[in-house]
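Undergrad: show me the folded form of this:
(one chain, ligands or ions: 1)
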Amino acid sequence: MIVSETAEKIKNMEIRGAGRIARAAAEALRDHALALKTPTYDAFRQRMENAADILIATRPTAVSLPNAVHIVMNGIGEASTVDEARRGIVERAGQFTQSSQHAVEKIAQFGARHIRDGDTILTHCNSEVALGCIIEAHRSGKHIEVFATEVRPRNQGHITIKTLSDAGIKTNFIVDSAVRSFINDVDLVIVGADAVTVNGAVVNKIGTSQVAHTAAEARVNVLVAAETYKFAPRTVIGELIQIEERPGSEVLPDEIARTLPHVTVRNPAFDVTPAEFIDLIITEQGAIPPQMAWIIIREYLGWDITEFQ
Ligand code: RI2
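TA: Presented below is the predicted three-dimensional model:
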């Protein structure tokens, strides 16, 4: 797929979910590198960097996207010919896609071990990795039941219940505001992440922090399933994660909004759950308490702090 096409699909959420966005960006860079017909290395590098910028600018919150782009683009500066630069990009894009898929499988195995036979699990939004844990527990023969939220305004919960139903898992579909009414029927909350900051806060779909607060009050554990490339290196140097605010028309149709001149529709797509409301983050390197986020950034993303100075 060409870069502008992938960028548009990420922007309009045809391609969505932090992991999928990251893999789509890596694949778009690979395809772009293969298709580029520039004679000079400098022109090739410039056009690749433009493509990288276009992909990164599509959605600001899921850090998996700039992380994937960084991983694929890293090293282009060391090449000296177009062929060499192209080979490097194709190779790194392939490695990223493969390791991302491997991470999703590993997290499913690790996460499933936290689910006991007879458990009822609540999940919010549509996370490939969180669902991977739930489905793996079911596959291993545990009798489980799920509560899945609707996830206004984009209704990602509909994708979640289809996946769960296809897997044959008993599922209850509830509106977002019903979480507190059912939390006492729930043994474990499992959600995904768009970003994990250096202090272990988890940025995920809007409503996640309400779910986590409700769970904490009810003494229900909260697990976050997140590949290491969802950890945000730039939070180490004080950068904040930008919370995407999407068009109000996703919440209230324009024709109604137009009749309400004193009303402003606010539509943040994500919120921040502090580390204290999270029991464990399950990564492909194993489970960690959220307070260990810095170790993941340092050890597994392999980025030196001097890169940012
Ligand atoms: P996986 C999604 O964002 C949700 O917030 C979900 O929890 C998160 O990405 C992680 O998804 P959106 O693209 O990578 O629906 O686990 O706004 O699939």
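Undergrad: quick one: residues contacting the residue located most distally from the centre of the chain.
TA: What lies farthest from the middle of the chain is residue 39; by Cα atoms, centre = their mean that is 36.9 Å. Residues in contact with residue 39 (Cβ atoms under 8 Å, 6 or more residues apart in numbering) are residue 82. C-beta coordinates here come from the backbone N, C-alpha and C atoms, glycine included.
Undergrad: and it, what's its pLDDT?
TA: Residue 39 is assigned a pLDDT of 87 by the prediction.
Undergrad: phi, psi for it please.
TA: phi -80, psi -30 (degrees, to the nearest 10).
Undergrad: shouldn't residue 190 be in contact with residue 111?
TA: Yes: with contact defined as Cβ atoms under 8 Å, residue 190 reaches residue 111; the gap is 6.7 Å.
Undergrad: mutual contacts of these two, please.
TA: 130, 133, 134, 223, 225.
Undergrad: if any of these are buried, put those into a ChimeraX selection.
TA: Listed next is the ChimeraX selection for buried residues among those, using 16 or more other Cβ atoms under 10 Å:
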select :130,133,134,223,225
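Undergrad: inside strands: which ones of the shared contacts of residue 190 and residue 111?
TA: Among the shared contacts of residue 190 and residue 111, DSSP state E puts 223, 225 in strands.
Undergrad: a markdown table for the shared contacts of residue 190 and residue 111, including distance to the ligand and pLDDT?
TA: A markdown table is the format used below for those (distance: Cβ to the nearest ligand atom, whole Å; pLDDT from 0 to 100):
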| residue | distance to the ligand | pLDDT |
| --- | --- | --- |
| 130 | 6 | 98 |
| 133 | 10 | 98 |
| 134 | 12 | 98 |
| 223 | 12 | 98 |
| 225 | 7 | 98 |
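Undergrad: now the two most distant members of the shared contacts of residue 190 and residue 111.
TA: 134 and 223 (10.5 Å; Cβ to Cβ).
Undergrad: any common contacting residues for those two?
TA: 111, 190.
Undergrad: which strand or helix spans residue 92?
TA: helix 82-112 (DSSP states H and E).
Undergrad: not counting sequence-adjacent ones, nearest residue to residue 299?
TA: Excluding the flanking residues, the one nearest residue 299 by Cβ to Cβ, 6 or more residues apart in numbering is residue 285, at 8.0 Å.
Undergrad: need the contact list for the one you found.
TA: Residue 285 neighbours (Cβ under 8 Å, 6+ apart): 228, 296, 299, 300.
Undergrad: how close does the second one sit to residue 290?
TA: In this structure, residue 296 lies at 10 Å from residue 290, with Cβ to Cβ, to the nearest Å as the measure.
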